[in-house]
Structure formats: C-alpha cells, structure tokens
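1. Sequence below, structure please.
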Amino acid sequence: SASPQPTTTPATPGRAPAHVAHPQTVRSFVRRTGRVTTGQAKAFAELGSTFVLPFQTAPLDMVAAFGRSAPVILEIGFGMGEATAHIAQVRPDDNFLCCEVHEPGVGALLKRIGEHKLDNIRILQHDAVEVLAHMLPEGSLQGIHVFFPDPWHKKKHNKRRLIQAPFLAKLVSRLAPGGYIHCATDWEPYAQQMLEVLSAEPQLRNSTDGFAPRPSYRPTTKFEKRGLRLGHGVWDVIFLKR
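-> Okay, the predicted model is just below:
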C-alpha cells in the first residue's frame, strides 16, 4: 500500500509550523479503545481530581504536585497499573509520575491507589513525549521506567519504537547525575535494540554486563508469568547516568 504522505497541520507546541510539511511525530503510545468499568469510573470520580494532573506547557512544580520533596521516578506507559501500584508500595520514599493515555488503564490505577491508600503516585493522562518536552526540567528525575512498550514487531514498523537514540537523549537530559533508566521487554529483538541504543548513549553506563537481573521492586505481572510459562523470556536493561 502507498505510504502516507506528510501532512501539514496547524502549529501546536512541539510541532512544525503549519506551512512546513513533516512526517507524523513519534508518539509514546498507540490509541487503544477499551471500556471503562463501573469501578474505574467511580475511582475517576472520587480520586481523579487529586491524583490526575493537568497537562501544561510549563515546568511542573514537583513539591506542589506531590505535597512533599522526594526523588521523582517517571513511568512511561503503565498499562493497567499493576506493576506501578506494587512499586509505589515497596518504595514509599519515592514519588512516581506516571504517563498513560489509555483511559481504562488510568481508571484501573486510580482504583489501586484507593485500595492500597497510595499517596506517592501522580498520573498524567497525556503523551509522554509532550510531557517530557514541556513539563520536566533538565535533571529533575532520579529514575525512568519503561516497561513493556509496544514492540512494533514488523520490520517496517520498527522505526515507531519508543526507545531510539533521539528520544533517549531527551530522557537522559531529564535525569539527574546518578539517576537510572530501567527498560523491560518480552520481545528479544527489541531487548537487543534497547541494549544497543542505551550502550551508544555517552552519558549512560550499564549497571551490569549486558542484560540486568530483574530488580526486586519490579514484580512479575500476570502477563509476564504467562509468557515465562510458555518459555518466553523477559529482558531488563538498567543504565545509570554518569
């Protein structure tokens, strides 16, 4: 099929001006449809105003957002929030800023926040690429989690993968020295790409030799346990900022 032609769009923050033809910008997500359950809707109504932050084109005041000063960990794409809620529970001294556009996922994490009485999570229901560009100052993060991003299996779609050099450079600029980036995937070719891309970034150094053992804070999700039963591997890549 014919490849889509570059489009011209009105100027918006972070986009090319209206008169410049440009390819579609890389996004950190794929729009998926899904039904919000009654429980998720109730969580939105009761907790949304406290835990879901509005997107803004100005730096986020982390202390005001979380109500305390603590190291901030950015999570990009949390699915249904199972791992996120677990990590926030086992690491109460850290603040977790979590990006996810999928509404049922946001509702599910809000429900978990209510059930476990978690106060160290804030959610941005917005594209992480734009959050990074507008809301996160350089050196403001102590860690970044990217767990099971869309692997874009087909060769022709590999360029849509999130972990690529230009985006990684932006992530690294937001990390404080000594901060870390932790990626995990169950798709081996993507794991190899992650390892190569992170190894090639001069400001990062590998925390280990090759792939990392799964840290105790990252739980094995239901999806992951099923994969391991079927003989699928899971690869963790953890690098530190020099």
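
2. and stretch 144-163, how far apart are its ends?
-> One end of stretch 144-163 to the other measures 12 Å (CA to CA, to the nearest Å).

3. List the buried residues in that stretch.
-> When burial is assessed from 16 or more other CB atoms under 10 Å, stretch 144-163 yields the following buried residues: I144, H145, V146, F147, F148, P149, D150, P151, W152, R161, L162, I163. The C-beta positions use only the backbone N, C-alpha and C, and glycine is treated the same way.

4. For the lowest-mean-pLDDT helix or strand in the chain, output the C-alpha coordinates as PDB.
-> Averaged element by element with mean pLDDT, DSSP states H and E, the chain has its least confident helix or strand at helix 222-229 (a mean of 82). Output in PDB follows, covering the C-alpha atoms of helix 222-229 (Å, rounded to 0.1, in the frame of the first residue of the first chain):
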ATOM      1  CA  LYS A 222       0.300 -11.900  35.200                       C
ATOM      2  CA  PHE A 223       1.100 -11.300  31.500                       C
ATOM      3  CA  GLU A 224       4.800 -11.900  32.200                       C
ATOM      4  CA  LYS A 225       4.200 -15.100  34.300                       C
ATOM      5  CA  ARG A 226       2.100 -16.400  31.400                       C
ATOM      6  CA  GLY A 227       5.000 -15.700  29.000                       C
ATOM      7  CA  LEU A 228       7.600 -17.300  31.200                       C
ATOM      8  CA  ARG A 229       5.400 -20.400  31.400                       C
END
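
5. next SSE after that helix?
-> Next along the chain after helix 222-229, taking DSSP states H and E as the criterion, comes strand 235-241.

6. Could I get the full set of strands for the chain?
-> 52-53, 72-76, 95-99, 121-124, 141-147, 175-185, 204-206, 235-241 (DSSP state E).

7. Which elements pack onto the last one?
-> With contacts defined as 3 or more CB pairs under 8 Å, 6 or more residues apart in numbering; DSSP states H and E, the packing partners of strand 235-241 are strand 175-185, helix 188-199, strand 204-206.

8. want to try TSV for the ones you listed, with mean pLDDT as columns?
-> Shown next, in TSV, are those (pLDDT from 0 to 100):
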stretch	mean pLDDT
strand 175-185	97
helix 188-199	97
strand 204-206	98
